[in-house]
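>>> Structure, please.
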Amino acid sequence: MIEWILSIWKSLPPEVQEILRWVFDKHLQEVVIILLALLPWLARHKISRIFNRFRTKKIVYKKLPYLSKIEIDRGLQYYIWPDCQSIDPAQRDEVRDTVAVRNDLCREMDRLLKQDKKHKHFILLADTGMGKTSFLLNYFARHVRRWRKPYKVELIPLSLPGLKKKLENISKPENTVLLLDAFDEDSEAIKNHVLRLTQILAWTRNFHAIVITCRTQFFPRDEEIPVETGIIKVGPRSAGEGPQYTFFKIYLSPFSDDDVKAYLKRRFPIWRFNCRKKAQNIVKQIPNLIVRPMLLAYVDDLINSGKTFNNSFQIYDEMVDAWFDRERKIVENKKALSDFSDKLAIDLFLNRESRGGERIPYQEIHELAQSYDIPIETWQLTGRSLLNRDAEGNFKFAHRSILEFLVAKRILAEDPEVANLTVDQWTEPIMTFFAEGLEMESDYRIMDNFYKKFSAKKTDITTFVSSKIMVSFNGGQYTVHDTNKKVEVKPFALGIRPVTNKEYGQFDPAHRRRRNKYSNQDDQPVVNVSWQEAIKYCQWLSEQTGKNYRLPTEAEWEFAAGGGSKREYPWGNETPTPKHANYADSKIGKTTPVGSYPLGMTPEGLFDMAGNVWEWCDDWYDEKRRVLRGGSFDGYGYYLRCSYRNGCVPAYRNDFYGFRVACSH
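Take a look at the predicted model:
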């Protein structure tokens, strides 16, 4: 119990800890009296909630034996009730751009099920990962919790065999609402969806109401009746061919910013504040993906993985892989689905002009898979991949950024199908993903291969890449704080992080012998490098890339760290803590991998400008010493100020000195 309380205390933000210390120091007696007075109410309230939750889960476990307890727990935990709308959000390139009236789906469903029984068929449509199954599960659990029930509710996945027998075993069908999940996963519907729907409607004619969930793109476009908003008709149309079956369609709305915030607050309560901040940082880099609850829920796995995500490329890579993992229950061949998505991304990008956009007709999808000998059925390609269907019935990626990420990934893999692309044909997001992916390699010499592969000028690709591994500044008039020296800072760029052991080892392989316990991993900053050796590295890098790399001047370094005299510390004016940087109070005693402190990052995107290693600058500190800036893992907190200066003789090396590169514009 004590360890649990201590873990909660350590996870609280410093400012919250200070407030609590003040309260307990000044008003301990009053706090104890209030807590004792509230204890019975809190206990009764908490016990009641725990009992209701336990009771609900126990009933749900019993009534839904075909779902595992893990699946039920995951579906019910941290759930945020979504909105619904009458317009398909997938018809727009960006689902949030759809202008539609949004209503609370739970309340709307209650209203529809209580109305007159003239209309009793409803279909809930949404794309992959939007939360259709989770909604039905939570709506069912909500009904279980209610003491007064206006009708019965039964939840049945359509992917299970023996549907007719299950329906026949339900008592009092006239007072039962059927929740039939995942029509697109029904093996009979995949063969002939009209025939299967006819069977289901015949078997359920006596039920109070039927709600079916399905992926939006499962029904062919020509079955939609656009002039009748909210209606979908399925079945024969010619005279004498039988009736059509009319469903009122409801679209799940994508998560809004408020929905995302609500989920993160519920998933990461105040005692997990650090995790919530990490999740918020991840979410900021993928705003177009987390509108899907399935991917938003995966953010927790990203945090628990222990990995550091410094750019969008890494996050997209993890998210897309998670998407494919989710589909393995239907498409066992994950590699085939991944290969198809890669090939389709290239095909859509290369043929976007001839098709009038990055879309592909349904009939061409199977032909594309066959041409690459990818063993997946057409329905699996359109219904189980990263695709949506647009308003014209063509298929496109759920978001354009997914296509651009996959294209960039194939460029980095040197796929021969994109070998003839010139840099002028790349979109800006492709350039960004390419640069971020290349940065993960930490190998500047790899660029030379791409210069030749894509028939581009060195300066073109180098500009794109360096713009992502470096941050640009416009400069201006500036006064160096400790010296009061006024200088004109010209436009320049500064590396987002110090040079690593791996990068320096490409220039000087013999340096590996100087690695020690303070910095011996590839992704840790290089140390035991003199000012003179740092200069030689910059000269070598310039020869490799065709750009003029150098050490930053003292004024440039301070200008970048402080945002032009706006901040006392790189992250702002908040007093340093071990959450901001690796310094003496962190008690780590060695360097950490570059980019390990996102809370200490500058607003412009520079990592490790405080702590970890002192960084050589080009200027003289005095007649004998060169300037060092930024503090180190062994330094005091006041060394981390943007204005703090240090100096050392240029030939000296030690375990605390490293550097980062700059470049003139």
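>>> drop to CA atoms for contacts and neighbour counts, all remaining ones
Fine.
>>> and Ile496, what is it in contact with?
469-471, 605-607 (Cα atoms under 8 Å, 6 or more residues apart in numbering).
>>> And it, how far from Glu556?
14 Å (Cα to Cα, to the nearest Å).
>>> returning to what we had before: ok, the contacts of Ile496 vs Leu201, which is closest?
Ranked by distance to Leu201 (Cα to Cα), the contacts of Ile496 are led by Gly605 at 57.4 Å.
>>> Is the closest one located within a helix, as I assumed?
No - assignment of Gly605 by DSSP: H, G, I helix; E, B strand; the rest coil gives coil, placing it outside any helix.
>>> can you pull the contacts of it?
Counting by Cα under 8 Å, 6+ apart, Gly605 makes contact with 471, 496.
>>> hey, where'd the helices end up in the stretch 251-400 of the chain?
Per DSSP state H, counting those that start in this stretch, the stretch 251-400 of the chain carries helices over the ranges 257-267, 273-285, 293-297, 299-304, 312-326, 334-350, 352-355, 362-371, 378-383, 400-412.
>>> Could you identify which of these is most buried?
Most buried of those by mean neighbour count (mean count of other Cα atoms under 10 Å) is helix 400-412; its value is a mean of 22.
>>> Toward the C-terminus from the strand or helix carrying Leu195, list the very next helix or strand.
Here Leu195 sits within helix 193-203, counting by DSSP states H and E. Moving toward the C-terminus from helix 193-203, the next helix or strand (DSSP H and E) is strand 209-215.
>>> strands paired with that next one, and their directions?
Neighbouring strands of strand 209-215 in its sheet, by DSSP bridges, are strand 121-126 (parallel), strand 176-181 (parallel).
>>> give me phi/psi at the closest residue to Trp531 other than its chain neighbours?
Leaving aside its sequence neighbours, Trp531 sits nearest to Pro650 (Cα to Cα, 6 or more residues apart in numbering; 4.7 Å). Backbone torsions for Pro650, taken as degrees, to the nearest 10, come to phi -60, psi -20.
>>> ok, Pro650 - contacts?
Counting by Cα under 8 Å, 6+ apart, Pro650 touches 530-532, 625-626.
>>> do Lys486 as well
Counted by Cα under 8 Å, 6+ apart, Lys486 has contacts 477-480.
>>> In strands, which of those fall?
Counted as lying in strands by DSSP state E, out of the contacts of Lys486, are 477-480.
>>> buried subset of those?
Among these, those scoring as buried are 478-480 (criterion: 16 or more other Cα atoms under 10 Å).
>>> okay, those in JSON lines with distance to Leu344 next?
What follows is those, written out as JSON lines (distance: Cα to Cα, whole Å):
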{"residue": "Tyr478", "distance to Leu344": "51"}
{"residue": "Thr479", "distance to Leu344": "54"}
{"residue": "Val480", "distance to Leu344": "54"}
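>>> Reformat those as TSV; add distance to Ala141 and pLDDT.
Output for these, formatted as TSV (distance: Cα to Cα, whole Å; pLDDT from 0 to 100):
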residue	distance to Ala141	pLDDT
Tyr478	63	91
Thr479	64	88
Val480	64	89
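>>> Out of those residues, the closest to Val177 would be?
The closest of these to Val177 turns out to be Tyr478 (Cα to Cα; 71.2 Å).
>>> Okay, buried residues for the strand or helix carrying Met109 please.
Remark: Met109 resides in helix 105-114, with elements defined by DSSP H and E. By 16+ other Cα under 10 Å, the buried positions in helix 105-114 come out as 105-106, 112-113.
>>> With stretch 648-660 instead?
Neighbour-count burial for stretch 648-660 flags 648-650, 653, 655-660 (criterion: 16+ other Cα under 10 Å).
>>> Secondary structure and distance to Asn520 for these - can I get that in a markdown table?
Converted to a markdown table, the buried residues of stretch 648-660 look like this (DSSP: H, G, I helix; E, B strand; the rest coil; distance: Cα to Cα, whole Å):
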| residue | secondary structure | distance to Asn520 |
| --- | --- | --- |
| Cys648 | strand | 23 |
| Val649 | coil | 24 |
| Pro650 | coil | 23 |
| Arg653 | coil | 16 |
| Asp655 | coil | 11 |
| Phe656 | coil | 13 |
| Tyr657 | strand | 14 |
| Gly658 | strand | 13 |
| Phe659 | coil | 16 |
| Arg660 | coil | 18 |
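>>> if we can go back for a sec, looking at the strands paired with strand 209-215, which is nearest to Leu344?
When those are compared by Cα to Cα, strand 121-126 sits nearest Leu344, at 22.1 Å.
>>> Of all the residues in the closest one, which ones are buried?
Residues of strand 121-126 classed as buried by neighbour count (16+ other Cα under 10 Å): 121-126.
>>> got it, and stretch 575-589?
Using 16+ other Cα under 10 Å as the test for burial, stretch 575-589 gives 576, 578, 580-586, 589.
>>> now stretch 514-523
Across stretch 514-523, burial judged by 16+ other Cα under 10 Å covers 515, 518-523.
>>> what would these look like in a markdown table with distance to Lys284?
Converted to a markdown table, these look like this (distance: Cα to Cα, whole Å):
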| residue | distance to Lys284 |
| --- | --- |
| Arg515 | 36 |
| Tyr518 | 33 |
| Ser519 | 31 |
| Asn520 | 32 |
| Gln521 | 29 |
| Asp522 | 28 |
| Asp523 | 24 |
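>>> Relative to Asp317, which of those residues is nearest.
For these, the nearest to Asp317 is Asp523 (19.7 Å; Cα to Cα).
>>> just checking, the closest one touches Gly595?
No - when contacts are counted by Cα atoms under 8 Å, Asp523 is not listed as touching Gly595 (9.3 Å).
>>> end-to-end on stretch 159-169?
For stretch 159-169, the first-to-last residue distance is 18 Å (Cα to Cα).
>>> so how far is it from its chain's centroid?
38 Å (Cα atoms, centre = their mean, to the nearest Å).
>>> Pull out the buried positions in it.
For stretch 159-169, the neighbour count (16+ other Cα under 10 Å) marks 159, 167 as buried.
>>> That stretch - what's its average pLDDT?
Averaged over stretch 159-169, pLDDT sits at 85.
>>> contacts for that stretch?
Defining contact as Cα under 8 Å, 6+ apart, one finds that stretch 159-169 is touched by 182-183, 185-187, 203-204.
>>> try it again with 6 Å
With Cα atoms under 6 Å, 6 or more residues apart in numbering as the test, stretch 159-169 has contacts from 185-186.
>>> measure Ile643 to Glu108 for me?
Careful, residue 643 is Ser; it's not Ile. 59 Å.
>>> again but with Leu296, I slipped
Taken as Cα to Cα, the span from Leu296 to Glu108 is 24 Å.
>>> Chain neighbours aside, what residue packs nearest to Asp184?
In this structure, Asp184 finds its nearest non-sequential neighbour in Cys214, 5.5 Å apart by Cα to Cα, 6+ apart.
>>> And for the one you found, the neighbour number?
Burial of Cys214 is recorded as 22 neighbouring residues (other Cα atoms under 10 Å).
>>> Isn't it up against Phe122?
No - using Cα atoms under 6 Å, Cys214 is not in contact with Phe122; the gap is 10.8 Å.
>>> Strands of the stretch 1-150 of the chain, start to end?
In the stretch 1-150 of the chain, the segments counted as strands under DSSP state E, counting those that start in this stretch are 83-85, 103-104, 121-126.
>>> Beta-bridge partners for Arg215, please?
For Arg215, the beta-bridge partners are Ala126 (DSSP bridges).
>>> do you know how far the residue nearest the centre of the chain is from Asp300?
Closest residue to the average C-alpha location of the chain: Ile286 at 4.5 Å, with Cα atoms, centre = their mean. Going from Ile286 to Asp300 by Cα to Cα gives 14 Å.
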